[in-house]
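> Would you be able to build a 3D model of this:
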Amino acid sequence: MDTPAPSPEPLRPRRVVSPSIGSRLARLGRRILHVLLVLVTVVLVVDALFGDKGLFETLRVRRQYQELASSLDRLRRDNARLREEARRLREEPAAIEEVARRELGLIRPGEMVFIVKDRRQQPDRKP
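Numbers count the residues shown, from 1 in each chain. Below is the predicted model:
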């Protein structure tokens, strides 16, 4: 016996969306996506420029580093000069004498000191 072929299911009515509404929704979705991408890009650029590790902060830190490096170099030179002066004062009596003469105004016995003062020119006075 032949079994009858199953009958196809009855067609259900589909919701019909007009092509114009579907294309409008697609355009709106793309527009929202573009706006979000632009917004994210702007936020990333602003953070890259002004953030904690942004371009301007990096430039400021580099400038500060260079200033500190030059200050450190200057302090090292000063330390070397002071070490040399301390060594000279420990080992050379002439260095001690030089400092005593220059800073304290001391003289040796038998030396004579001459103090020369400039005379100010006074304007001519009429009697």
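
> for the spatially most central residue of the chain, phi and psi?
By Cα atoms, centre = their mean, the mean C-alpha position of the chain lies nearest to Arg60, the distance being 1.6 Å. Main-chain dihedrals, Arg60, degrees, to the nearest 10: phi -60, psi -40.

> And the residue nearest to Leu55 when sequence neighbours are not counted, how close does it get to Leu59?
Nearest non-adjacent residue to Leu55, counting by Cβ to Cβ, 6 or more residues apart in numbering: Leu49, 5.2 Å away. For the C-beta atoms, the positions are set from N, CA and C on the backbone; glycine is no exception. For Leu49, the distance to Leu59 equals 10 Å [Cβ to Cβ, to the nearest Å].

> Listing request: residues of this structure with sub-threshold pLDDT.
1-5, 14-19, 121-127 (pLDDT under 70).

> all helices for it, in order.
19-50, 55-91, 93-99 (DSSP state H).

> hmm, who's touching the last one?
By Cβ atoms under 8 Å, 6 or more residues apart in numbering, the surrounding residues in contact with helix 93-99 are 85, 88-89.

> One more pass at 6 Å, please.
With Cβ atoms under 6 Å, 6 or more residues apart in numbering as the test, helix 93-99 has contacts from 88-89.

> Restricting to C-alpha, output that helix in PDB.
This file holds the C-alpha atoms of helix 93-99, laid out as PDB (Å, rounded to 0.1, in the frame of the first residue of the first chain):
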ATOM      1  CA  PRO A  93     101.700  74.000  52.900                       C
ATOM      2  CA  ALA A  94     101.700  76.600  50.200                       C
ATOM      3  CA  ALA A  95      98.000  76.000  49.600                       C
ATOM      4  CA  ILE A  96      97.200  76.700  53.200                       C
ATOM      5  CA  GLU A  97      99.300  79.900  53.000                       C
ATOM      6  CA  GLU A  98      97.400  81.000  49.800                       C
ATOM      7  CA  VAL A  99      94.000  80.500  51.400                       C
END
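
> circling back: would you enumerate the residues in contact with the residue nearest to the centre of the chain?
Neighbour list for Arg60: empty [criterion: Cβ under 6 Å, 6+ apart].
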